[in-house]
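A.B. asks: have a look at this prediction, sequence included:
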Number of protein chains: 2
Amino acid sequence: MTQRMSLKKLAAHLGLTEGTVSRALNNYPDISAKTRDRVQQAATELGYRANPLARRLATGVAEAVAYIMPETHSTISEPFVSQLLAGLGETLSERGWDLLVTQSGSAEQEADMLHKLITSGRVSGVVLSRPLKNDARIKLLQKAKFPFIVHGRSVEYKDYAWYDVDSKAAFVAAVDHLVALGHARIGFIGAPTYYNFAQMRLDGYKEAIANNGLEVDPDLIQITELSDDGGELAAGDLLDCTRAPTALLCVTDTQALGALAAIRARGLVPGKHVSVIGYDGLRFGRHTNPPLTTMAQPQAHSGRQLGDMLLAIIDGGDPTDFQVLRSAELLRRKSDGPVWVDTSETMSKTREEQT
Amino acid sequence: MTQRMSLKKLAAHLGLTEGTVSRALNNYPDISAKTRDRVQQAATELGYRANPLARRLATGVAEAVAYIMPETHSTISEPFVSQLLAGLGETLSERGWDLLVTQSGSAEQEADMLHKLITSGRVSGVVLSRPLKNDARIKLLQKAKFPFIVHGRSVEYKDYAWYDVDSKAAFVAAVDHLVALGHARIGFIGAPTYYNFAQMRLDGYKEAIANNGLEVDPDLIQITELSDDGGELAAGDLLDCTRAPTALLCVTDTQALGALAAIRARGLVPGKHVSVIGYDGLRFGRHTNPPLTTMAQPQAHSGRQLGDMLLAIIDGGDPTDFQVLRSAELLRRKSDGPVWVDTSETMSKTREEQT
DNA sequence: CTTGCCTCCGAAAGCGCTTTCGGAATATCT
DNA sequence: AGATATTCCGAAAGCGCTTTCGGAGGCAAG
């Protein structure tokens, strides 16, 4: 196999200069149709493809975007990453661009990493995910006027591009649903509220509780980590206190798995004695015991959409024109139901017997 | 904010030439310790970092590797992708290299894409996953003498680097386990055998069946797609036939989820009437109904390990020195148990002979 | 037959770095 | 002392492409 075809060799082969060939290939208007065709045909015949590195250096366009992976807390709820990556990669490859993936350590470290990334010239844009309420990375990108889009929103989201699901509304809907089922004591299992999504969901919960004429009881709110174990612990605390909730709302499906486990561990039946509603709509919820009712977010083409929007911004689009808010829908499986009315005795008694 | 620091400016600032500064920064021996220190200190003070694109073009080293994502069949079992990516990214970033992610369409398309990728100079190495029995991509990479490592193995695996789990042995162990529990009719739910992992697991199954003095009954083998639905369908077929199996071995946990569903749908209790064993060790399995017994593979640091090995190969290491075979372990949860002996006669069509 | 205007291509200067080569300046040896 | 080595840096040629600029040749208009 001969050496890789270069512009120089192609030009020599055609009896033209490199510059001319380059312009012909890039459809410059100052090349006659005749030579343009001749050049392009020769290029495909000889299998010439411009060296991306050289082109990027010469044009100053990185032809690549980076996806900043969220720290993988739970090994359980990250399937969306591969889906999103697939979608992103698809849009990018249509343009011949690369998709870089980076992972960060701490939050501080991440801002530094991001700064290096965008000043290095390796990428033309960035997609961020799971933003904090007050996200230093977003500020950094804004100040640098660097093209980016975020998957999710921070608390102040007017001035940049984002794609998010209205999880606050979703939690309102979930509470309404539970209230309609007769629940009056609804527990909330949340995540640290430096994650804005956690805050928004908590807001939705509180708002809906209040709107339904119920009292927002701090004792019914548990903040825990984003894992099944976290959910299990939190649910346990909630269930073991006096005046335990009759329904549990979890900020993610992963936590809800733990909640189901906690309920079962106490001899209760999720969906009967205690309702559980998760959030995400993970397909896996079909297989839990019982199948998990959840607020399902439409994550089908989020990757593609993020990619399209980011490219549009890189092309000079106004970021504020790209703010997409999708909505989640209640996906009823089997973990929710009417409030349990204990005909025999107190619930704690029942529980003790069954353990 | 001033323009990005360049070598030229740094050199001017120091009263040296670009070449000298470059060599000083790269620890060339022909630079006096004095000026080397002076240069390096000035570089850090002024925040100079070489433009990666320019360096890559000049040196001919791409400083990046690509991960070829497997087609995402099931939205359920892909958490490992994000884990693996995290590990890979970690090793690479220690070296300042980039991690590219690409997705392919069809198999043909993928070979073409891969060819373009490795001839484009964008990457110095490739990590492949989920190889086919006879994988064109591997042949391509071998012929091109391009550094690569595969996550998994193809049928002929002597001549390249790979990291794999001995899933054949795992299936032998699983069969042995079931036989020890008294099962004599063990169903196998597999995946298309162009995937070598599917073939290897099937081989393990057959081998163990035979070694245990049982008959390899083609009717007990179902090949289906890699999804929960696939597993459910296949399990249904198996359960509905005369002389149904008393245990089901699934090639992935995802399929096993479907198998559990199929069993429950027939009014049977998984782990009691019919045993199910999956493969992967997904944490999800803790939450199924009942919790899924599985052959758990150690996927903790596979990403890091793949990265380390690939870098070693890129550095000139012999690929055949990097072949790592890990082993999976039986993780007993609740979906397996002794063969169900039908005391009454409700399940009239179990089997005739005892073990 | 000029003048002027296009059309189309060649020439050359980068993009920001690396690396080879050669030669001052300094050090070492007889 | 002169000759020979060393040490250390400058000069310059790339890496493979893009892009600006200018001008030769062709055409229509005067």
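C.D. replies: Here it is on my side, so go on. Residues are numbered from 1 along each chain as shown, chains lettered A, B, ... in the order given.

A.B. asks: flag every residue of the stretch 1-150 of chain A that's near DNA strand C.
C.D. replies: By CB under 7 Å from any atom of the strand, the residues of the stretch 1-150 of chain A that approach DNA strand C are A:15-20, A:24, A:30-36, A:54, A:57-58, A:60. All C-beta atoms are positioned from the backbone trio N, CA, C, and that covers glycine.

A.B. asks: next, whatever residue of chain A ends up closest to DNA strand D: secondary structure please.
C.D. replies: Nearest residue of chain A to DNA strand D, counting by CB to the nearest atom of the strand: residue A:19, 2.5 Å away. Here residue A:19 takes the helix state, with states given by DSSP: H, G, I helix; E, B strand; the rest coil.

A.B. asks: burial check on it, number of neighbours?
C.D. replies: Close neighbours of residue A:19, defined as other CB atoms under 10 Å in any protein chain shown, add up to 11.

A.B. asks: stretch A:28-42 - what's its average pLDDT?
C.D. replies: For stretch A:28-42, the per-residue pLDDT values average out at 95.

A.B. asks: go on, stretch A:82-92?
C.D. replies: pLDDT averaged over stretch A:82-92 gives 93.

A.B. asks: can you give me how far that stretch is from the chain middle?
C.D. replies: Here the centre of stretch A:82-92 is set off from its chain's centre by 12 Å, with CA atoms, centre = their mean, to the nearest Å.

A.B. asks: buried ones in that stretch, by neighbour count?
C.D. replies: A:82-92 (16 or more other CB atoms under 10 Å in any protein chain shown).

A.B. asks: give me the residues contacting that stretch.
C.D. replies: Residues outside stretch A:82-92 that contact it (CB atoms under 8 Å, 6 or more residues apart in numbering or on different chains) are A:64-65, A:67, A:98-99, A:101, A:127, A:129, A:151, A:299, A:301-308, A:311, B:69, B:72, B:75, B:78, B:81-82, B:85, B:101-103.

A.B. asks: restricted to buried residues, select those in ChimeraX.
C.D. replies: The buried residues among the contacts of stretch A:82-92 can be selected in ChimeraX (16+ other CB under 10 Å) with this line:
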select /A:64,65,67,98,99,101,127,129,151,299,302,303,304,305,306,307,308,311 /B:69,72,75,78,81,82,85,101,102,103
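
A.B. asks: I figured residue A:8 hits residue A:16, correct?
C.D. replies: No: shown here, residue A:8 and residue A:16 do not form a contact pair, counting by CB atoms under 8 Å, at 10.9 Å.

A.B. asks: say whether chain B is contacted by stretch A:185-202.
C.D. replies: No: contact of stretch A:185-202 with chain B (CB under 8 Å from any CB of the partner chain) is absent, the minimum separation being 15.3 Å.

A.B. asks: using CSV, write down the CA coordinates of that stretch.
C.D. replies: The C-alpha coordinates for stretch A:185-202 follow below in CSV (Å, rounded to 0.1, in the frame of the first residue of the first chain):
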residue,chain,number,x,y,z
ARG,A,185,-49.0,11.9,53.5
ILE,A,186,-46.6,11.7,50.6
GLY,A,187,-43.0,11.2,51.2
PHE,A,188,-40.3,12.7,49.0
ILE,A,189,-37.0,11.0,48.4
GLY,A,190,-34.7,13.5,46.8
ALA,A,191,-31.1,14.1,45.8
PRO,A,192,-28.7,16.8,47.0
THR,A,193,-30.1,20.0,45.9
TYR,A,194,-26.9,21.4,44.4
TYR,A,195,-28.1,19.4,41.5
ASN,A,196,-30.7,21.7,40.0
PHE,A,197,-32.8,18.8,38.8
ALA,A,198,-33.1,17.7,42.3
GLN,A,199,-34.1,21.2,43.4
MET,A,200,-36.7,21.5,40.6
ARG,A,201,-38.3,18.2,41.5
LEU,A,202,-38.4,19.1,45.1
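
A.B. asks: and residue A:172, what element?
C.D. replies: helix A:167-180 (DSSP states H and E).

A.B. asks: what about the residue of chain A found nearest chain B, neighbour count?
C.D. replies: For chain A and chain B, the shortest gap (CB to the nearest CB) falls at residue A:289, measuring 3.2 Å. Neighbours of residue A:289 under the rule other CB under 10 Å: 21.

A.B. asks: how about the helix or strand in which residue A:99 is found as CSV, C-alpha atoms only?
C.D. replies: Residue A:99 belongs to strand A:98-103 when assigned by DSSP H and E. Presented in CSV, the C-alpha positions along strand A:98-103 are these (Å, rounded to 0.1, in the frame of the first residue of the first chain):
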residue,chain,number,x,y,z
ASP,A,98,-15.7,14.0,16.1
LEU,A,99,-17.2,13.3,19.4
LEU,A,100,-14.9,13.5,22.4
VAL,A,101,-15.9,12.2,25.8
THR,A,102,-14.4,13.5,28.9
GLN,A,103,-14.9,12.7,32.5
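
A.B. asks: that one close to chain B?
C.D. replies: Yes: for a cut-off given as CB under 8 Å from any CB, strand A:98-103 has contacts with chain B, namely A:98-103.

A.B. asks: distance of residue A:48 relative to residue A:24?
C.D. replies: 11 Å (CB to CB, to the nearest Å).

A.B. asks: for these two, indicate the residue with more neighbours.
C.D. replies: Neighbour count, other CB under 10 Å: between residue A:48 and residue A:24, residue A:24 has more, with 25 against 20.

A.B. asks: what score does the more buried one have for pLDDT?
C.D. replies: 97.

A.B. asks: which residues touch it?
C.D. replies: So residue A:24 contacts A:16, A:31, A:35-36, A:39-40 (CB under 8 Å, 6+ apart).

A.B. asks: in a markdown table, list the residues you listed along with secondary structure.
C.D. replies: Below are the contacts of residue A:24 laid out as a markdown table (three-state DSSP):
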| residue | secondary structure |
| --- | --- |
| A:16 | coil |
| A:31 | coil |
| A:35 | helix |
| A:36 | helix |
| A:39 | helix |
| A:40 | helix |
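
A.B. asks: and the closest residue to residue A:151 other than its chain neighbours, what does it touch?
C.D. replies: Setting aside the residues directly before and after it, residue A:151 is nearest to residue A:129 in space (CB to CB, 6 or more residues apart in numbering or on different chains), at 4.1 Å. Counting by CB under 8 Å, 6+ apart, residue A:129 touches A:67-70, A:84, A:150-152.
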